[in-house]
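J.: Okay, sequence plus prediction incoming.
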Amino acid sequence: GITILAKNDEGYDCSITLKNTDTAGKYWSQLNKVLWTYCTLHCFNLSQIAGKPYCFISNPLTMIVVEPDFLIDASSVAECFTPQGYRPEYFIISRLLREASAEKATQGNIVNFMLDELISDPDQDYNALFRQSMSRQPISIVALGKEAALNIHHTIRDKHLTRIKEFALSIKDNSVQLEPSFINPDYGLQGRLDILYNSKGKQHIVELKSGNPPHTDVWIQHQMQVVAYNMIIRDCYPQTMGTSSILYSSAEENSLRHVVNTLQLEQNLLMCRNRIVGIMHGLATDPYVFFNWLLQNTGGSDTGFMQTNIQTITSTLRNISDFEFEWFLGHLRLLVREIWFEKTGGLGSDSIYGHNSLWQESMVAKRRKYRLLGDLKVESVTFNKVCFCFTTKELITDFRSDDIVILYRQNIPVNRQELLRGQIM
């Protein structure tokens with residue numbers, strides 16, 4: 001296991017002993033690769049050692065979150081899972097390569113768009129919907145060419161349309177939220193769900209997948225994505241959580257498949273997330289360590305798609321000069337530091353706030369820095385525009401036209417509500 005010496009929120013020295021178990025999410029020695037001086041830990045369900053104040057030990061319910069203010073997308077953590085376990089390095093590898101327009105990805109975007117439209121009106125014409133979807137991503141469609149576009153049109157019509165229409169009709173009488181965004185700073189996760197609908201007082205999660213389905217059950221990446229969504233919205237609907245499902249639109253049978261959520265899966269997901277945070281911190285301080293390891297990795301245990309990506313990256317790195325390699329590492333380090341500062345405000349104990357000011361700073365502090373427009377009243381709402389009016393005349397702010405903003409209800413904590421992203425007009 002591992003023993004961590006830390007200071008609690010009150011400034012008292014404490015020790016946390018984490019005992020390894022056979023499960024990946026509670027094999028705490030992995031945190032040796034993650035932790036650094038002054039990192040923040042959020043600890044759930046530790047047991048206090050009898051007779052030893054400020055001394056704690058893990059138990060079967062324990063969960064640890066490293067640097068919880070560093071929010072990571074649920075889908076990004078989930079994509080690191082394989083049937084053999086999790087590979088946190090996939091988070092980095094998948095971001096080092098830019099992929100050309102792919103027919104499957106474009107088809108998936110169109111299926112998602114059509115489901116959203118059919119939920120609002122299940123009787124819409126398919127050809128009209130397809131033309132609308134093409135107008136939303138013209139560059140991808142043109143890059144693929146006419147033959148690929150026709151193939152996508154026929155595939156969706158023949159293999160997906162029936163299932164997404166049936167599902168849209170099944171929830172038409174319920175209150176439905178399409179692509180709602182939530183954050184949970186306790187777990188260090190954020191996510192945008194495909195569908196969240198209310199039926200009989202319960203909130204139900206549905207994630208649409210247009211790829212090939214497994215013969216039974218669901219793919220592990222999809223399961224972990226929904227597990228993460230459950231964790232993210234748990235504080236928003238503590239007493240009204242319903243089912244969680246994957247909708248495989250190309251499945252001929254049993255297209256809507258329920259996902260089981262367990263504590264062990266949550267612990268595995270958080271350990272993978274912690275490992276990702278550790279890698280990101282390493283890249284922001286000394287990226288050579290990660291890439292030296294990657295260059296020595298044969299990729300023998302990786303999936304075919306990811307193994308190809310690893311080989312492409314390592315082959316490129318082996319064929320550049322030492323100077324070019326140092327240049328690459330230097331620029332990557334600056335990029336990751338910029339991401340880190342943007343999310344959390346800095347890398348040290350004296351950091352200011354980045355995006356985490358949304359939940360870390362009080363409304364008074366935000367107003368003092370002119371970073372808040374509060375006490376707004378909704379005046380009108382159209383399809384893609386909300387007009388507000390000010391309820392106070394004494395208003396000073398740094399906001400300007402075209403600024404990107406987050407909209408939320410100011411009387412509810414941000415981690416207990418849906419967040420809306422918008423642009424000032």
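T.: Cool, the structure landed.
J.: So what does residue 384 look like in phi/psi?
T.: phi -130, psi 20 (degrees, to the nearest 10).
J.: Tell me how far it lies from residue 423.
T.: Using Cβ to Cβ, to the nearest Å, residue 384 is found at 10 Å from residue 423. Quick note: C-beta positions are derived from backbone N, CA and C, even for glycine.
J.: Of the two, which one has the most company?
T.: The neighbour comparison of residue 384 against residue 423 (other Cβ atoms under 10 Å) goes to residue 423, with 9 against 6.
J.: you'd agree that one is up against residue 402?
T.: Yes: with contact defined as Cβ atoms under 8 Å, residue 423 reaches residue 402; the gap is 6.2 Å.
J.: If we go by neighbour counts, what in stretch 185-200 is buried?
T.: In terms of neighbour count (16 or more other Cβ atoms under 10 Å), stretch 185-200 has its buried residues at 185-198.
J.: go on, stretch 354-368?
T.: In stretch 354-368, counting by 16+ other Cβ under 10 Å, buried: 354, 355, 356, 357, 358, 359, 361, 366, 367.
J.: now do stretch 17-35
T.: Neighbour counts using 16+ other Cβ under 10 Å place 17, 18, 21, 25, 26, 27, 28, 30, 31, 34, 35 of stretch 17-35 among the buried residues.
J.: for stretch 44-60, same thing?
T.: Buried positions in stretch 44-60, judged by neighbour count with 16+ other Cβ under 10 Å: 46, 55, 56, 57, 58.
J.: Now for those residues: which two are most distant?
T.: 55 and 58 (12.2 Å; Cβ to Cβ).
J.: Now for these two: what residues contact both?
T.: Both residue 55 and residue 58 are in contact with residue 17, where contact means Cβ atoms under 8 Å, 6 or more residues apart in numbering.
J.: picking that back up, lowest-confidence member of the buried residues of stretch 17-35, which is it?
T.: When the buried residues of stretch 17-35 are compared by pLDDT, residue 25 scores lowest at 86.
J.: Pull the contacting residues for that one.
T.: Neighbours of residue 25 in contact, by Cβ under 8 Å, 6+ apart: 264, 265, 266, 267, 268, 269, 270, 271.
J.: Can you name the residues that contact the residue most central in space within the chain?
T.: Taking Cα atoms, centre = their mean, the centroid of the chain lies closest to residue 73, which sits 1.4 Å from it. By Cβ under 8 Å, 6+ apart, the residues touching residue 73 are 189, 190, 191.
J.: any chance of the residues you listed in JSON lines, with pLDDT, distance to residue 312 and secondary structure too?
T.: Formatted as JSON lines, the contacts of residue 73 follow (pLDDT from 0 to 100; distance: Cβ to Cβ, whole Å; DSSP: H, G, I helix; E, B strand; the rest coil):
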{"residue": "189", "pLDDT": "97", "distance to residue 312": "29", "secondary structure": "strand"}
{"residue": "190", "pLDDT": "97", "distance to residue 312": "29", "secondary structure": "strand"}
{"residue": "191", "pLDDT": "96", "distance to residue 312": "29", "secondary structure": "strand"}
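J.: who's in contact with the helix or strand residue 154 falls within?
T.: Secondary structure assigned from DSSP states H and E places residue 154 in helix 146-155. Residues outside helix 146-155 that contact it (Cβ under 8 Å, 6+ apart): 103, 106, 107, 110, 130, 134, 141, 144.
J.: Tell me the helix or strand right after it.
T.: With DSSP H and E, the next secondary element past helix 146-155 is helix 161-170.
J.: So for the helix or strand following that following helix, what gets flagged as buried?
T.: Per DSSP H and E, the first helix or strand lying C-terminal to helix 161-170 is strand 175-178. Buried residues in strand 175-178, counting neighbours by 16+ other Cβ under 10 Å, are found at 176, 178.
J.: So the nearest residue to residue 251 once chain neighbours are set aside versus residue 265, what's the distance?
T.: Excluding the flanking residues, the one nearest residue 251 by Cβ to Cβ, 6 or more residues apart in numbering is residue 213, at 4.3 Å. Going from residue 213 to residue 265 by Cβ to Cβ gives 20 Å.
J.: Let me know the secondary structure of residue 260.
T.: With DSSP: H, G, I helix; E, B strand; the rest coil as the basis, residue 260 sits in coil.
J.: Quick check, pLDDT for it.
T.: For residue 260, pLDDT reads 90.
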